[in-house]
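following is a predicted model, sequence given first.
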6 protein chains.
Amino acid sequence: MRLCELLEQLNNLKRIPRTGWLICNVPLSEVEDVAQHTFDVTAITLLLADELERKGKKLDRERALSMAVVHDWAEAEAGDFPYTALKYLGPAGTKKRIERGVLEDILGKLPNKEKYLKLWREYSEKRTLEAKLVHAADYLSVLVQAVKYRERGNRSKKLDELWRAVHKDIKIYEKELPPVMALIKELDGRYYSLQ
Amino acid sequence: MRLCELLEQLNNLKRIPRTGWLICNVPLSEVEDVAQHTFDVTAITLLLADELERKGKKLDRERALSMAVVHDWAEAEAGDFPYTALKYLGPAGTKKRIERGVLEDILGKLPNKEKYLKLWREYSEKRTLEAKLVHAADYLSVLVQAVKYRERGNRSKKLDELWRAVHKDIKIYEKELPPVMALIKELDGRYYSLQ
Amino acid sequence: MRLCELLEQLNNLKRIPRTGWLICNVPLSEVEDVAQHTFDVTAITLLLADELERKGKKLDRERALSMAVVHDWAEAEAGDFPYTALKYLGPAGTKKRIERGVLEDILGKLPNKEKYLKLWREYSEKRTLEAKLVHAADYLSVLVQAVKYRERGNRSKKLDELWRAVHKDIKIYEKELPPVMALIKELDGRYYSLQ
Amino acid sequence: MRLCELLEQLNNLKRIPRTGWLICNVPLSEVEDVAQHTFDVTAITLLLADELERKGKKLDRERALSMAVVHDWAEAEAGDFPYTALKYLGPAGTKKRIERGVLEDILGKLPNKEKYLKLWREYSEKRTLEAKLVHAADYLSVLVQAVKYRERGNRSKKLDELWRAVHKDIKIYEKELPPVMALIKELDGRYYSLQ
Amino acid sequence: MRLCELLEQLNNLKRIPRTGWLICNVPLSEVEDVAQHTFDVTAITLLLADELERKGKKLDRERALSMAVVHDWAEAEAGDFPYTALKYLGPAGTKKRIERGVLEDILGKLPNKEKYLKLWREYSEKRTLEAKLVHAADYLSVLVQAVKYRERGNRSKKLDELWRAVHKDIKIYEKELPPVMALIKELDGRYYSLQ
Amino acid sequence: MRLCELLEQLNNLKRIPRTGWLICNVPLSEVEDVAQHTFDVTAITLLLADELERKGKKLDRERALSMAVVHDWAEAEAGDFPYTALKYLGPAGTKKRIERGVLEDILGKLPNKEKYLKLWREYSEKRTLEAKLVHAADYLSVLVQAVKYRERGNRSKKLDELWRAVHKDIKIYEKELPPVMALIKELDGRYYSLQ
């Protein structure tokens, strides 16, 4: 079975650092890795999905959760591009092309391969409500982690820049995902209370 | 909203080590943490659920995934008991009682609190197919990580003991979850090929 | 001889983290381990014992030092419960029962086994002057380490809570151990000078 | 002056991991970073340059050393692509294009900007003897580090694959740089002596 | 009081690595620090003292334990010379002179200053039975730790050299401290069983 | 060839910490190592050499770069004395004597041995413009790294003391190396802007 090999490759995600933090002067010994990040995104997706449902929104939680689990698998072979690298990657779509290439290779002959490719595609197209939810969870996980780094003493200007950049990117989900906005407000309170 | 505080508490899971590895002479700087572990369990749950469905088994994937995400939240405040501590904890149920206490506290006044407690209860009772699947995924994640430690050079006797103990515990899922057994066979091949 | 095996088990203490710090947002890569902590407790016990003797107090320094060395051996197999877990453990005495169980097992057939159990019992009963001294040293070691984490930038609210909780617990030694109080005053000065 | 800002950006290289090792199951806490790697490449360049001169070869050592110092500066913002990612990057030249973009930005208005761009261009074109020397030093640094990881216990198949891949890539320097080949032979002896 | 400042300086010992291991290819993230080492030496001193008494030898356990606690305090400011550096230090006594200088400074005006200097002097002169016991414990702690590094995969030739060097140095205690020799035999069994 | 063995010894520099930072409460997991430091010194030497040339100063850049690469090789066997240890080392020249001894041993029978010894001697005598440049680069690398530690939250008094001590030592290069002074002014601005 191809599954064992895939699990060993996904194990890489416990060692691939989220490079953006390193640019913010976070030491390598404290850097979040992609597995930890994915845990966050999955937990936030679950919590927000329930919150949205409570407020009457309908969504397919199983698809949202599956997308959250899968969304960064390609980094197991490609590593994580820091946000500072994105503008140099070239034509829009370069990052997606790379990730799709890796995914197709590591999924190999897995019987359910197409399902995971489809989930990843839905995520990266940001069109369905579920995909938007996972993207919002992805951004929120950055904010929570930034608060924790700041609480530990980090006063890098790059961290402030990252903080503001995430706010800009997450704005587009404001209308569709109201609980996101409430949460951001609270996180702002936490971040700026740390002088 | 109580959500922000909960997210900061779940952030602890990125720092809580899986203590069992430390007993196996894994250095603190290499130890898997609970967030990384949960990522593994969620990914394995997703992969096995799809595999089971492909073979005609019916299961509620959304509930299985949610359980996987939630199953170790209590460790955010209680830490992780190493497997060597379990026999000292006293009457069966002590560990469950501790975890339920923590969960109730950290979920606090969260509107969906009851849902998460229910998921955790289902998981810890190991009765439904979904709960069994997540338990199997939990054990499998230990085996995959043990292979990676062994590949890095670890030849501790405690690692061998842990390997065998997991085999014993996972046996009860043999009949209901056939793909688990196929995977274990492969992992055995990997583990013992590393002399 | 049983001694070699015991030494390998005590080696675990160099890998068992003091979990309480992790709750205070201290990263896993910076967390104090039980062996480092025991070094602190032993050194502080020695220094305070000499200070007390200089002020005319009589005490058995050998027993105090031995207790300090031995006081956390049980954590080699049981791990370290974070202070946030204590209230969930159940009836008073649960933690002691667990530790005694571990100690009896790891001391096994060691000829001097009874001596170490007796030292640990004296420590955990907090009745003799020597036991109180070691407990005070234990608390002081927490305060010194908290100052160092704060000096490194940590501004977690949990650290402030821990700081205050230790003050409350150490109060009962105020009358019998005057040098402790002088030291705490100085440590307060250090902690709060770091804004 | 722009220099201070540049030095802070180069400081990132002490935190950017050489991602290829992570794919080989090297833990994040042991991974070589780009600054350490550059030290290696500079030292090997110096040693080989002197060895080549002793054998009568003429070369511009100052240019070779400067190239070695500069060759990975772009990774301060772009991070390090693991070797497993290269084949997905797309048309030959994509990596170079990214790196040139970063370099131009981080060098900004530095008066000597053009000099460093020229050095980097010479390096990445692999045409001059000096550029070839630095490339050979770059490969050799990988082999030395692989020996050290293997000596620490690592038996990952990916490490063996990397070992063989480097041998293939370094072959083209065989004729022009004889001391390189002697050194590789010795390193092979070291690597394979570790069973 | 001078005590608070001293405790902060002794806190350095939790960060000062035992440099000899680094020469043996132990990564910086796994290196034993002086506080952990002192814990080991104190515990071994306690265990061996009891063993010796059981066999009818008389010794002052309080002095032995105090010496063990104090023996490396000077490294808080001087760092730890790796064993490979010793032969370059110059005339015998250079290391002692350095350590005494540091000790006098960090003990400063501490009322019991003379006591600690005397303990350290006794230790470094290796003449009393108690001093010999602590030296033997110091060597034994190296052997136990070497077994643990070897168990983790380390196959460095320098580790083997260190192993043999310690055996030579510890030989002089053979007659006076019989339990030491029994322990070494067991440790040899452990070390060489790891191929 | 002796070269392979030398490269493995220089690999130690990736594990030897710059001990001075540890005295400043920098955790072992964040400490700069000698290889990272040498990268910094080499890069700063290159940048300053170009800056000086642009301003009309003549210097031998190849010799300056080679000196920067070589200046700390002795620490591969001797470790790094923290600045707090220097005053205890004894007669001026003790440190140099130790380093020369190590260098002669690790260079062994290397054909170009004399060249490296000569470079190191020139560096440690601080007489030529090139040697002064590398010393200034060495000090500057300390200041840049101190800014990064402060930015991460470190507020240790020892860090402030180190900051001031470096300013005093670097003063003697003020006249000969004007760009150094401009850079220090900027670094002062950065350091003190972090409250």
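All right, it came through fine.

can we go C-alpha only for contacts and neighbour counts from here?
OK.

count of neighbours near A:Arg54?
Residues lying near A:Arg54 (other Cα atoms under 10 Å in any protein chain shown) number 12.

what are the phi and psi values for it?
Per-residue torsions, A:Arg54: phi -60, psi -30 (degrees, to the nearest 10).

could you do A:Pro17 as well?
According to degrees, to the nearest 10, A:Pro17 has phi -80, psi 150.

who in chain A is up against chain D?
Contact residues (Cα under 8 Å from any Cα of the partner chain) of chain A with chain D: A:12, A:15-17, A:19, A:22-23, A:25, A:27-29, A:76-79, A:81-82, A:84-85, A:88-90, A:94, A:97-99, A:101-102.

quick one: which of those sit in strands?
Of the residues of chain A next to chain D, none are assigned to strands by DSSP state E.

from those residues, which would you call buried?
In the residues of chain A next to chain D, burial by neighbour count holds for A:12, A:15-17, A:19, A:22-23, A:25, A:27-29, A:76-79, A:81-82, A:84-85, A:88-89, A:94, A:98-99, A:101-102, counting by 16 or more other Cα atoms under 10 Å in any protein chain shown.

could you measure from A:Leu7 over to chain B?
7 Å (Cα to the nearest Cα, to the nearest Å).

B:Val144 is in contact with that residue, correct?
Yes: using Cα atoms under 8 Å, A:Leu7 is in contact with B:Val144, at 7.2 Å.

who has more neighbours, these two?
B:Val144 (22 against 19).

per-residue confidence at that one?
B:Val144 is assigned 98 on the pLDDT scale.

SS state for it?
What DSSP: H, G, I helix; E, B strand; the rest coil gives for B:Val144 is helix.

what subset of the residues of chain A next to chain D is also close to chain E?
Checking the residues of chain A next to chain D against chain E (Cα under 8 Å from any Cα), there are no matches.

among the residues you listed, name the ones in helices.
Residues from the residues of chain A next to chain D lying in helices, with DSSP state H as the criterion: A:19, A:22-23, A:76-78, A:94, A:97-99, A:101-102.

arrange the residues you listed in JSON lines, one row each, with pLDDT as further columns.
Shown next, in JSON lines, are those (pLDDT from 0 to 100):
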{"residue": "A:Thr19", "pLDDT": "96"}
{"residue": "A:Leu22", "pLDDT": "98"}
{"residue": "A:Ile23", "pLDDT": "97"}
{"residue": "A:Ala76", "pLDDT": "96"}
{"residue": "A:Glu77", "pLDDT": "94"}
{"residue": "A:Ala78", "pLDDT": "93"}
{"residue": "A:Thr94", "pLDDT": "85"}
{"residue": "A:Arg97", "pLDDT": "91"}
{"residue": "A:Ile98", "pLDDT": "92"}
{"residue": "A:Glu99", "pLDDT": "94"}
{"residue": "A:Gly101", "pLDDT": "95"}
{"residue": "A:Val102", "pLDDT": "95"}
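
for these, which one is nearest chain E?
A:Leu22 (18.0 Å; Cα to the nearest Cα).

what's the overlap in contacts for A:Leu7 and B:Val144?
When Cα atoms under 8 Å, 6 or more residues apart in numbering or on different chains defines a contact, no residue borders A:Leu7 and B:Val144 alike.

what distance do you get for A:Cys24 to A:Lys157?
8 Å (Cα to Cα, to the nearest Å).

A:Ser66 contacts B:Ile44, doesn't it?
No: using Cα under 8 Å, A:Ser66 makes no contact with B:Ile44, being 11.3 Å away.

give the contact list for A:Val142.
A:Val142 touches A:Val166, counting by Cα under 8 Å, 6+ apart.

and with 6 Å instead?
By Cα atoms under 6 Å, 6 or more residues apart in numbering or on different chains, the contact list for A:Val142 is empty.

what separates it from chain E, distance-wise?
Computed as Cα to the nearest Cα, the A:Val142 to chain E distance reads 26 Å.

C-alpha coordinates for whichever strand or helix holds A:Ser141, CSV please?
With elements taken from DSSP states H and E, the one containing A:Ser141 is helix A:129-151. The C-alpha coordinates for helix A:129-151 follow below in CSV (Å, rounded to 0.1, in the frame of the first residue of the first chain):
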residue,chain,number,x,y,z
LEU,A,129,-18.1,29.1,1.7
GLU,A,130,-16.2,26.1,3.1
ALA,A,131,-13.0,27.2,1.3
LYS,A,132,-13.4,30.7,2.6
LEU,A,133,-13.9,29.5,6.1
VAL,A,134,-10.6,27.5,6.0
HIS,A,135,-8.8,30.5,4.6
ALA,A,136,-10.2,32.7,7.4
ALA,A,137,-9.1,30.0,9.9
ASP,A,138,-5.6,30.0,8.3
TYR,A,139,-5.3,33.8,8.8
LEU,A,140,-6.7,33.6,12.3
SER,A,141,-4.2,31.0,13.3
VAL,A,142,-1.5,33.5,12.2
LEU,A,143,-2.9,36.2,14.5
VAL,A,144,-3.2,33.9,17.5
GLN,A,145,0.4,32.8,17.1
ALA,A,146,1.6,36.4,16.6
VAL,A,147,0.0,37.3,19.9
LYS,A,148,1.9,34.5,21.6
TYR,A,149,5.2,35.6,20.0
ARG,A,150,4.5,39.1,21.1
GLU,A,151,3.7,38.0,24.6
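
how about the residues of chain A by chain F?
Counting by Cα under 6 Å from any Cα of the partner chain, the positions of chain A adjacent to chain F are A:153-156.
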